[in-house]
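> Requesting a structural model of the entry that follows:
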Amino acid sequence: MTEPKIRFDDGAAYERMMGGFSRLAGSVFLDWLAPPPGLRWIDIGCGSGAFTELLAERAAPAELQGLDPSEAQLAFARARPAARVAEFRQGDAMALPFPDDRFDAAIMALVIFFVPDPAQGVAEMARVVRPGGTVAAYAWDLLGGGFPLESIRAELRAMGIDPPLPPSAGASRTEALHELWAAAGLEAIETRRIDVQRHFADFDDFWATSLLSSSIGATVAAMTASDVEPLKERVRERLPADAAGRIACGGLANAIRGHRPTLSGANERDRRFSERRGFRDTARRICHRELRGQAGGPDPARNERSASKCWIGIAGEPADPASDRRLAMRWRGGRLPRALELRPCRTAPGSVERPTIRRQPTRPIHRSRSGP
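Purely as a prediction, here's the structure:
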């Protein structure tokens, strides 16, 4: 039997099968995030737009972008009421078509296990949110029996049939999600479990809806009728009906959230590197200004026999004394300029630090008196 593939070429069918589950889990997820109104959101892997619509209804977004690789899914999403406030476009989760720091929050709802390289996908989410922005996701626990149609999958496996899994099913585990978020440099990482239950009118309603799943439907369609009937009966036994004949089907998702570090957080090393580089640039400008005669010395072009040094020390950076503490620049001049010492000047949190200049007299040098 040819192994079926997971395809998303029917937005309406996907909505009927997964839309209800997605809204149930998405509501719990949004309650957990508790976002303030007026944020700029991107819903990566928006599919038929079920979670995007939840964002439009409940989060009062200032901007809402939905991204998905399937044009069939996007066509359905664009027909939703959410399209009045959301913009849907085709794109790749591993190469988001947006600049850095573009959004306040980036979300993957039931998507991360479909991304071929989850680490790259999370890195892209972190890239497009501003410092302090939120990166969050939730995913069915595929390897832990959390998929809503696990009752069918379990019976198929008992028959020796393995229905297809997404390419990155392992990324749905809580520990895997935490590792991905940590590897992307995100901070304040939190996880939680989301349990949902969806009710169907009867078993036939559940069965017909389940066959709309691209993985389950294709697998059952490839089976013979003599195998399908026993499968159906065994699944029926797993899902007893209530007094009204309704069927309850549950799902378990793992959720995670984190924040992109601000300049005072985990990005401190990069900040300090940028700070040193900024001090050096400032020091060079000051040296050139002082040595070109603004300190009162003669024109450097008229005295080529003497040289002077301007030593610039950057306080608090002992990692590289040769380049940081004693960055020296030579310029031909007739008078030794005053030494410049640059020290960090602390300002408000999150603002750019600017150096202060402290001028100190230095030891004199003896020049030749061969001239008049």
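> so Met125 makes contact with Met108?
Yes. Taking CB atoms under 8 Å as the definition, Met125 is a contact partner of Met108 at 7.1 Å. Backbone N, C-alpha and C define where each C-beta goes, glycine included.
> shared neighbours of the two, anything?
Ile44 (CB atoms under 8 Å, 6 or more residues apart in numbering).
> okay but Pro164 is in contact with Gly217, surely?
No. The criterion here is CB under 8 Å, and Pro164 misses it with Gly217 at 11.2 Å.
> Comparing Met125 and Met108, which shows the higher neighbour count?
Comparing Met125 with Met108 by other CB atoms under 10 Å, the one with more neighbours is Met125, at 30 against 26.
> List the residues that contact the spatially closest residue to Arg173 that is not a sequence neighbour.
Leaving aside its chain neighbours, Arg173 sits nearest to Leu143 (6.1 Å; criterion: CB to CB, 6 or more residues apart in numbering). Counting by CB under 8 Å, 6+ apart, Leu143 touches Ala169, Gly170, Ser172, Arg173.
> what residues are up against Gly47?
Phe8, Gly11, Tyr14, Met18, Ser22, Asp68, Ser70, Gln73, Ala77, Leu110, Val111.
> Phi, psi for it please.
The phi/psi pair for Gly47 (degrees, to the nearest 10) reads phi 60, psi -130.
> Likewise for the one 4 residues further on?
Dihedral angles phi and psi of Phe51 (degrees, to the nearest 10) take the values phi -70, psi -30.
> any idea how far Leu252 is from the closest residue to it other than its chain neighbours?
Nearest residue to Phe51, sequence neighbours excluded (CB to CB, 6+ apart): Ala109, at 3.9 Å. Distance, Ala109 to Leu252, using CB to CB, to the nearest Å: 15 Å.
> Looking at the two, which is more packed in?
A direct count of neighbours by other CB under 10 Å for Ala109 and Leu252 places Ala109 higher, at 26 against 19.
> Now Leu252: which helix or strand?
strand 247-259 (DSSP states H and E).
> before we move on, what about Glu179?
Using DSSP H and E, Glu179 falls within helix 174-183.
> Restricting to C-alpha, output that helix in CSV.
C-alpha atoms of helix 174-183 as CSV (Å, rounded to 0.1, in the frame of the first residue of the first chain):
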residue,chain,number,x,y,z
THR,A,174,6.9,20.0,26.1
GLU,A,175,10.7,19.4,26.6
ALA,A,176,11.3,19.7,22.9
LEU,A,177,9.4,23.0,22.8
HIS,A,178,11.4,24.3,25.7
GLU,A,179,14.7,23.5,24.1
LEU,A,180,13.6,25.2,20.9
TRP,A,181,12.6,28.4,22.7
ALA,A,182,15.8,28.4,24.8
ALA,A,183,18.0,27.8,21.7
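> pLDDT (mean, whole number) over whichever helix or strand comes after it?
Next along the chain after helix 174-183, taking DSSP H and E as the criterion, comes strand 187-200. When pLDDT is averaged along strand 187-200, the result is 96.
> in its sheet, what does strand 187-200 sit against?
Using DSSP bridges, the strands paired with strand 187-200 in its sheet are strand 247-259 (antiparallel).
> now the strand it pairs with against helix 174-183, angle please.
Orientation note: strand 247-259 sits at an angle of 20 degrees relative to helix 174-183 (axes from the mean of the first three to the mean of the last three CA atoms, to 10 degrees).
> How about strand 247-259, which residues are buried there?
Ile247, Cys249, Gly251, Leu252, Ala253, Asn254, Ala255, Ile256, Arg257, Gly258, His259 (16 or more other CB atoms under 10 Å).
> got it, and stretch 75-95?
Going by neighbour count (16+ other CB under 10 Å), the buried part of stretch 75-95 is 76-78, 80, 82-83, 85-86, 88, 91-94.
> Next up, phi/psi of the residue nearest to Arg173, please.
Main-chain dihedrals, Leu143, degrees, to the nearest 10: phi -90, psi -10.
> Please apply the same query to the one 10 residues further on.
Taking degrees, to the nearest 10, you get phi -60, psi -40 for the backbone angles of Arg153.
> Counting neighbours, what do you get for the residue nearest to Glu63 when sequence neighbours are not counted?
Leaving aside its chain neighbours, Glu63 sits nearest to Arg40 (4.2 Å; criterion: CB to CB, 6+ apart). By other CB under 10 Å, 18 other residues sit near Arg40.
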